[in-house]
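Novice: heads up, no residue letters with this:
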């Protein structure tokens, strides 16, 4: 095709892609091209702005590393992660809501016995977490797998510190009645990494990089949809302005403070400690959800 202009370029690109064999890829790429071109027309994008966008995306990619996923941060802060999560994890009322995955999950976290200290020396006030994993009909889910991870009191995940050992994350298995319990530290609010291109973008848009205090959970069991979610700390800052749009009212819970003394595991604490009790309700898997990766 020759002599293309701003009015004919979109259809020319779409026509060039007509032989795509993968129908889903064709659907996605067609929509992407149409929306990109419409965006450029609507905003009357200049060459300088186009070049700035290319530089920004290049910097995002260059900032990624085995311990930092800047593209996930970009997706999170633009609300795309929450949108994709919401439309792919619709659940019946009564099920625990899903929320964003975040960039700091690690495969093959250490396995712990129930009651163990998942914090593993992580700095922060002691917190004892307990609850039950159930199905939507109220049935206990024995042997449910719970993966938990969190930041320390300074807002850093272990993978950010490159300290050579795992802290604040682990895998536990619920007992025969679906109950679980473990020790960790009190969750605190923290900023997402904002020393890179995503942080500069937030600053340019007049936004802060802070997340409200939370624990991450991934809960799975045969016959049920895997749940990826957070539990947020009631009364904490940034619940209404989470930088990654992850808060749900149903996921906010009380961290209850206790005076120094006997802890839930029967030990003695010389300092005040906290308890958190939160149950997870899983949705039964359907044929469609079983086919999801």
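Specialist: Looks like it came in fine. Treat the numbers as computed from the prediction; the structure is a model and nothing was measured.
Novice: quick one: the strands in the stretch 1-150 of the chain?
Specialist: 126-135, 145-149 (DSSP state E, counting those that start in this stretch).
Novice: Check the stretch 151-293 of the chain too.
Specialist: For the stretch 151-293 of the chain, the strands defined by DSSP E, counting those that start in this stretch occupy 169-173, 179-185, 190-191, 210-211, 214-220, 227-233, 252-253, 256-258, 261-262, 268-269, 273-277, 280-282.
Novice: hang on, the earlier thing: could the strands of the stretch 1-150 of the chain go into JSON lines alongside mean pLDDT, distance to residue 77 and mean neighbour count?
Specialist: In this view, the C-beta of every residue, glycine as well, is placed from N, C-alpha and C. Conversion of the strands of the stretch 1-150 of the chain to JSON lines gives the following (pLDDT from 0 to 100; distance: least, C-beta to C-beta, whole Å; neighbours: other C-beta atoms under 10 Å):
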{"stretch": "strand 126-135", "mean pLDDT": "97", "distance to residue 77": "28", "mean neighbour count": "21"}
{"stretch": "strand 145-149", "mean pLDDT": "97", "distance to residue 77": "20", "mean neighbour count": "22"}
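Novice: closest to residue 55 out of those strands?
Specialist: Residue 55 lies closest, by C-beta to C-beta, to one member of the strands of the stretch 1-150 of the chain: strand 145-149, at 32.8 Å.
Novice: Can you say which of the strands of the stretch 151-293 of the chain is nearest to residue 201?
Specialist: Closest of those to residue 201 is strand 190-191, at 14.0 Å (criterion: C-beta to C-beta).
Novice: Quick check: can you name the pairing partners of that closest one and their directions?
Specialist: Within its sheet, and counting by DSSP bridges, strand 190-191 is paired with strand 210-211 (antiparallel).
Novice: If you average the pLDDT over the strand it pairs with, what comes out?
Specialist: The predicted model assigns strand 210-211 a mean pLDDT of 96.
Novice: From the chain's centre, how far out is that strand? Work that out for me.
Specialist: Relative to its chain's centre, strand 210-211 lies at 13 Å (C-alpha atoms, centre = their mean, to the nearest Å).
Novice: next one: stretch 176-191
Specialist: Offset of stretch 176-191 from its chain centre (C-alpha atoms, centre = their mean): 16 Å.
Novice: Likewise for stretch 158-174?
Specialist: With C-alpha atoms, centre = their mean as the basis, stretch 158-174 stands 16 Å off its chain's centre.
Novice: Renumber starting at 42 from here on
Specialist: Sure, I'll start counting at 42 from here, so that last one is stretch 199-215.
Novice: ok, residues contacting it?
Specialist: Contacts to stretch 199-215, defined as C-beta atoms under 8 Å, 6 or more residues apart in numbering, come from residues 108-109, 145, 147, 150-155, 157, 159-163, 173-174, 182-193, 198, 221, 223, 225-226, 234.
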